[in-house]
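> Model the following, please.
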Amino acid sequence: MTAVQGMGARCALACACVCVVLLGIGSAGAHGSGSDKVGSSPSSRNSGAQRPEAAALEITPEALQAIVVDDEPYLLIDAESGGSQAPPPLVRIVYYTHTPSFRAAQALALRNRNATVGTGQVSQRLTGTPAEWKRLGLPFDVDPLPALPLRIKPRTLSEAINDEVGLQILDVRPPASGDAADELRSPFPEARRLMPHEIATELPKLSKLRWIVLVDDGQRAADPLADYIFKQGYPLVAILDGGYAAWTSATDR
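Residues are numbered from 1 along each chain as shown. As a prediction, this is how the structure comes out:
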């Protein structure tokens, strides 16, 4: 869990909460009450007319950037490591994940919304990817970008595919039994079926702001390829742990 941010010099949590309460009691011109709707105009935020429950479940990186500029108190919480802690009251809570799946962040945002109905608190899930957040300069206390390529479970990959996250899947399995036609097929949606020697040629076609997921046959052929891609300046690289063999045998996807 990161420290409470916003309110000018990022004051301590207790001060931030007190300021929120005082601002909420003030005139219609006060802002930062924690009850505004993300993306609303300054006049609607200041009027206090928006209910916390009316705020969208998702908040874009650009909308969060505007909140930072407006000095509204907020708290960024990594749903995959610090989400179990009880969030403070009357501070906008923004959950995020540092893996391709956003399910953990969405589940915590919904849980906290249900638990704080009528309290004035707003809980949301941050959309986008760590690379997009970094590009906008969002103030994370801990860098959300991975230090190395990640190993992800079949369930994580399945969630990201089903939620249409916009993955760039590289299927680097060797063709089966010398079947030339097999080189063009992949069970993953919109995946690129590539041989290892084709990676360097294909890299310029990939986005550095989206997740790249490599799938091999379970013999860890994807590991050196992931390291190579990561060192070429692509910060969001993941490997399907156990490869395609783990994918076909997984019971929780």
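> Where does the prediction get shaky in the stretch 51-200 of the chain?
For the stretch 51-200 of the chain, applying pLDDT under 70 flags the ranges 51-54, 82-86, 177-184.
> how many neighbours does Ser249 have?
Around Ser249 there are 10 other residues, counting by other C-beta atoms under 10 Å. Glycine gets a C-beta too; all of them are placed from N, C-alpha and C.
> now do Asp163
The burial count for Asp163: 14, using other C-beta under 10 Å.
> Provide a list of residues in contact with the nearest residue to it once chain neighbours are set aside.
Distances taken as C-beta to C-beta, 6 or more residues apart in numbering place Phe102 nearest to Asp163, at 6.7 Å, with adjacent residues excluded. Applying C-beta atoms under 8 Å, 6 or more residues apart in numbering to Phe102 gives the contacts 96, 125, 127, 163, 165.
> Name the nearest of those residues relative to Leu206.
Minimum distance to Leu206 across the contacts of Phe102 is 14.8 Å, recorded for Val165 (C-beta to C-beta).
> Please enumerate the helices of this structure.
With DSSP state H as the criterion, the chain has helices at 7-10, 13-25, 42-47, 61-69, 103-115, 130-135, 154-162, 199-202, 222-231, 243-249.
> so which of these gets nearest Phe188?
Taking C-beta to C-beta as the criterion, Phe188 comes closest to helix 154-162 out of those, the separation being 7.1 Å.
> CA atoms of the closest one as CSV?
Taking C-alpha atoms only, helix 154-162 is exported to CSV below (Å, rounded to 0.1, in the frame of the first residue of the first chain):
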residue,chain,number,x,y,z
PRO,A,154,-2.7,-20.0,-16.8
ARG,A,155,-5.5,-18.5,-14.7
THR,A,156,-4.0,-15.0,-15.0
LEU,A,157,-3.6,-15.4,-18.8
SER,A,158,-7.2,-16.7,-19.1
GLU,A,159,-8.6,-13.8,-17.1
ALA,A,160,-6.7,-11.3,-19.2
ILE,A,161,-7.9,-12.9,-22.5
ASN,A,162,-11.5,-13.1,-21.3
